[in-house]
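S.K.: After the sequence you'll find the predicted model.
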Amino acid sequence: THISFKWYTGVLARLHLNAFRVDALGVADFGALRQAFEAMARGEEGSGTAVYGVASFLNHSCEPNLVQTFVQGHRIRFTAAREIEPGEQLLTSYIDQDLPLEQRQQRLRWAYGFTCQCPACLDDDKCGARGEHS
């Protein structure tokens, strides 16, 4: 069977967009990725990527209602970050949501190809860099 380039890149893109990093590095740029590989080569840290079927359907918010943790190194667990109303969409953060607005937006565009429009980003955008309402 012949595998086309279009099919191959489509599979890689879906894996990239739906995978979770299974470590504590939070790598979102090439410099950090290089440092992670160097640490792994020295045997200091482990790193990996996993695709979790149900978790892959969760969307992003910089104000997530779920917090993800890894149990026994490879199992993912989601717990409520706050009270969740019946019928409310379950959301997780793809990045460190404590970063400033511009850094959050830059990382999401680079790694996931979208500009976040969650309430936290829209409010930060209105408030300006210092978080003060104009």
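M.R.: It's in.
S.K.: How confident was the prediction at V11?
M.R.: According to the prediction, V11 has pLDDT 83.
S.K.: mind exporting the helix or strand harbouring it as CSV, just the C-alpha atoms?
M.R.: Here V11 sits within helix 5-18, counting by DSSP states H and E. What follows is helix 5-18 as a C-alpha-only set of coordinates in CSV (Å, rounded to 0.1, in the frame of the first residue of the first chain):
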residue,chain,number,x,y,z
PHE,A,5,2.6,12.6,1.7
LYS,A,6,-0.8,14.3,2.3
TRP,A,7,-2.1,11.4,4.4
TYR,A,8,1.2,11.2,6.3
THR,A,9,1.3,14.9,7.2
GLY,A,10,-2.4,14.8,8.1
VAL,A,11,-1.8,12.0,10.6
LEU,A,12,1.2,13.8,12.1
ALA,A,13,-0.8,17.0,12.4
ARG,A,14,-3.7,15.2,14.2
LEU,A,15,-1.2,13.5,16.5
HIS,A,16,0.5,16.8,17.3
LEU,A,17,-2.7,18.7,18.0
ASN,A,18,-4.2,15.9,20.2
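S.K.: How far does it sit from its chain's centre?
M.R.: Mean-position distance between helix 5-18 and its chain equals 17 Å (C-alpha atoms, centre = their mean, to the nearest Å).
S.K.: Touching that helix from outside, list them.
M.R.: Residues from elsewhere that reach helix 5-18 (C-beta atoms under 8 Å, 6 or more residues apart in numbering): 51, 56, 112-113. C-beta coordinates here come from the backbone N, C-alpha and C atoms, glycine included.
S.K.: repeat for stretch 106-124
M.R.: 17, 28-29, 60-63, 91, 94-95, 97, 99-101, 104-105, 131.
S.K.: just the buried members of those residues?
M.R.: When the contacts of stretch 106-124 are checked for burial by 16 or more other C-beta atoms under 10 Å, the buried set is 28, 60-62, 91, 94-95, 97, 101, 104-105.
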